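Student: the following block contains a protein sequence and its predicted model.
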Amino acid sequence: MPDSVRGDVTQLLARSRNGDHAALNRLMPLVYDELRLIAGRYLRQERSGHTLQSTALVHEAYVRLVDQNCEWQNRAHFFGIAAQIMRNLLVDHARARMASKRGGANLKLSLDDAMALSKEREFHLVAIDDALTTLSRFDPQQSRIVELRFFAGLSIEETSEVLNISPSTVKRDWILAKTWISRELSGPARPAESKA
């Protein structure tokens, strides 16, 4: 995204924060392509033949974004929240799909494999979501860093800005979180749903 557009996005978010509801309508054309990139990242990680399309995911996420009563800090914060909403939409969709089937187990994979979007291994969003949820219980900051870096595609500097921490802290926590999640994902496979 060119710097002039980044500035426009930040300016529109500031106007929205100050009560200009029309600013969010002017925002959509500026952020649409980047939201589609985030959606595409998520959907590439899903099984082939996924019933959600990136356009539908972007539109549903955008509807939820504009309904947020949020104090938008800047464009990185906006895209971080957008990625979180898309993640939640896809996880809800995946959980509903898994609930409609019998059995099934989470796959084992490393976060680096998932990040490389290796074609030899299937990425399993629910397993990543479960690992992030567990991580957030004892280190919410590391969980948020993974979400912003891995899912939203934010840089170290953008993540630092969103979380209001130093880039060196982001780098350190990113490494620790990747290591922990990789260990969590490569552990024994757990049932996808509890048997009642």
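Tutor: That came in fine, so what should we check first?
Student: for this protein, what spans make up the helices?
Tutor: Here the chain has its helices, by DSSP state H, at 3-17, 22-44, 54-67, 75-99, 111-115, 125-138, 140-146, 156-163, 167-185.
Student: could you dump those helices to a markdown table with mean pLDDT?
Tutor: Formatted as a markdown table, the helices of the chain follow (pLDDT from 0 to 100):
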| stretch | mean pLDDT |
| --- | --- |
| helix 3-17 | 75 |
| helix 22-44 | 80 |
| helix 54-67 | 81 |
| helix 75-99 | 78 |
| helix 111-115 | 48 |
| helix 125-138 | 86 |
| helix 140-146 | 91 |
| helix 156-163 | 87 |
| helix 167-185 | 92 |
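Student: let's have these in a markdown table, adding mean neighbour count.
Tutor: Quick note: C-beta positions are derived from backbone N, CA and C, even for glycine. Converted to a markdown table, the helices of the chain look like this (neighbours: other C-beta atoms under 10 Å):
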| stretch | mean neighbour count |
| --- | --- |
| helix 3-17 | 16 |
| helix 22-44 | 17 |
| helix 54-67 | 17 |
| helix 75-99 | 19 |
| helix 111-115 | 17 |
| helix 125-138 | 17 |
| helix 140-146 | 20 |
| helix 156-163 | 20 |
| helix 167-185 | 17 |
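Student: contacting residues for Thr159?
Tutor: The contact partners of Thr159, by C-beta atoms under 8 Å, 6 or more residues apart in numbering, come to Ala76, Gly80, Ile145, Leu148, Arg149, Val170, Trp174.
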